[in-house]
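Student: Below: sequence and its predicted model.
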Protein chains: 2
Amino acid sequence: MPDEFLLDEQACFALYAASRAVTDAYRPLLGELGLTYPQYLVLLVLWESDARPVKEIGEALHLDYGTLSPLLKRLEANGLVTRARLPEDERTVVVSLTEEGRSTRTRAAGVPSAIGCALGLDDATRRDLIATLRRLTASATAYTHGGPDAQP
Amino acid sequence: MPDEFLLDEQACFALYAASRAVTDAYRPLLGELGLTYPQYLVLLVLWESDARPVKEIGEALHLDYGTLSPLLKRLEANGLVTRARLPEDERTVVVSLTEEGRSTRTRAAGVPSAIGCALGLDDATRRDLIATLRRLTASATAYTHGGPDAQP
DNA sequence: TTCCGATACCTTGCGCACGATGTAATCGTG
DNA sequence: CACGATTACATCGTGCGCAAGGTATCGGAA
């Protein structure tokens, strides 16, 4: 009997282990920039489109306020972003890059290629992996929220 | 010009997001057993082969003592495992399942199939994913430790 | 206009993860 | 045997990541 504890579990553990291994690869590179991987992700979001409310950053990264609020406070304390309430809606906090935040993009220019080297995947495999992971994420998310039944 | 911050980064973020989505899927299932996902992983290791030193558990899960020591203390506090020094080598702590730890395997019998459903991957895709993730983990680990040069 | 609910965010508490440091036991070498 | 190095763990500090609870603001209906 093929142990049922050793089939899909392997996929989940492989995912868990790979995610941490990749984060480990980022660590020394980002460490020189004074960044963690989640902080780097926030900067990626802002480099693509500056001055965004916390809500949008959270949606882009699938992170909630409990994670983002203190993280953004640290980015602010490190002088990379500013946070300001919207005058027309005082509930909303808009996060914007400082000059140092923008220039960090240049300092991080070598990171993607270094990581690409670390992953060691050819183009086709990587595209395939991304597609599979996105389907998996969508499927797992649909299962968790909404459950097998579902309902907004 | 295809933004270099949007290529390999996508693979890494997809990995990061997928890993958390899968953990989210486990959470309600394991929550009923009073377990977290890392705790469940430790039990998987012990269900396969009981009475193992902390070192072996760490190697199996790629986790260090800083993570495992408090985690195992919690499992012990919850009555699922015991920890005992080896008489022939007082440095080594052997982790063993209690009766409750063993019986939890039965209570968790439905978890793998539920997760398999949540992932929504066919057999071929899943095998392919596991293989890709393992190569990726090995490559990233080799890059991080040992660096591009390498040296034991 | 006055509520009432929704929205956007913050805070707290807990459990990972990891680097750094500490400690006791064991091993290896002279 | 002595003693320095290694091994196996434990602990501490920091930073996620998430659930739960709190606050202030906004929008809409009575």
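Tutor: Sure thing, it's come through.
Student: drop to CA atoms for contacts and neighbour counts, all remaining ones
Tutor: OK.
Student: So is stretch A:101-108 next to chain B?
Tutor: No: Stretch A:101-108 stays clear of chain B (CA under 8 Å from any CA of the partner chain), getting no nearer than 9.2 Å.
Student: pLDDT averaged over that stretch, what's the number?
Tutor: Across stretch A:101-108, the average pLDDT comes to 97.
Student: Restrict that stretch to CA atoms and write it as PDB.
Tutor: Output of stretch A:101-108 as PDB, limited to C-alpha atoms (Å, rounded to 0.1, in the frame of the first residue of the first chain):
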ATOM      1  CA  GLY A 101      13.800  54.200  -2.100                       C
ATOM      2  CA  ARG A 102      14.000  54.900  -5.800                       C
ATOM      3  CA  SER A 103      17.800  54.800  -6.000                       C
ATOM      4  CA  THR A 104      17.800  51.500  -4.300                       C
ATOM      5  CA  ARG A 105      16.400  50.100  -7.500                       C
ATOM      6  CA  THR A 106      19.700  50.800  -9.100                       C
ATOM      7  CA  ARG A 107      21.700  49.300  -6.300                       C
ATOM      8  CA  ALA A 108      19.500  46.200  -6.600                       C
END
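Student: May I see the buried residues of it?
Tutor: Buried positions in stretch A:101-108, judged by neighbour count with 16 or more other CA atoms under 10 Å in any protein chain shown: A:101, A:102, A:104, A:105.
Student: Longest helix of chain A, counting residues only.
Tutor: Secondary structure of chain A per DSSP state H: the longest helix is helix A:8-31.
Student: Need the CA coordinates for that helix. PDB is fine.
Tutor: Written as PDB, here are the backbone C-alpha positions of helix A:8-31 (Å, rounded to 0.1, in the frame of the first residue of the first chain):
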ATOM      1  CA  ASP A   8       0.500  15.100  -2.200                       C
ATOM      2  CA  GLU A   9       2.500  15.700   1.000                       C
ATOM      3  CA  GLN A  10       5.600  15.500  -1.000                       C
ATOM      4  CA  ALA A  11       4.500  18.300  -3.300                       C
ATOM      5  CA  CYS A  12       3.600  20.500  -0.400                       C
ATOM      6  CA  PHE A  13       6.900  19.900   1.400                       C
ATOM      7  CA  ALA A  14       8.800  20.400  -1.900                       C
ATOM      8  CA  LEU A  15       7.000  23.700  -2.200                       C
ATOM      9  CA  TYR A  16       7.700  24.700   1.400                       C
ATOM     10  CA  ALA A  17      11.400  23.700   1.100                       C
ATOM     11  CA  ALA A  18      11.900  25.400  -2.200                       C
ATOM     12  CA  SER A  19      10.400  28.600  -1.000                       C
ATOM     13  CA  ARG A  20      12.700  28.800   1.900                       C
ATOM     14  CA  ALA A  21      15.700  27.800  -0.200                       C
ATOM     15  CA  VAL A  22      15.000  30.700  -2.600                       C
ATOM     16  CA  THR A  23      14.600  33.100   0.300                       C
ATOM     17  CA  ASP A  24      17.900  32.000   1.600                       C
ATOM     18  CA  ALA A  25      19.500  32.700  -1.800                       C
ATOM     19  CA  TYR A  26      18.100  36.300  -1.700                       C
ATOM     20  CA  ARG A  27      19.200  36.900   1.900                       C
ATOM     21  CA  PRO A  28      22.900  37.700   1.400                       C
ATOM     22  CA  LEU A  29      22.100  39.800  -1.700                       C
ATOM     23  CA  LEU A  30      19.400  41.800  -0.100                       C
ATOM     24  CA  GLY A  31      21.300  42.000   3.200                       C
END
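Student: Perfect, I'm done here.
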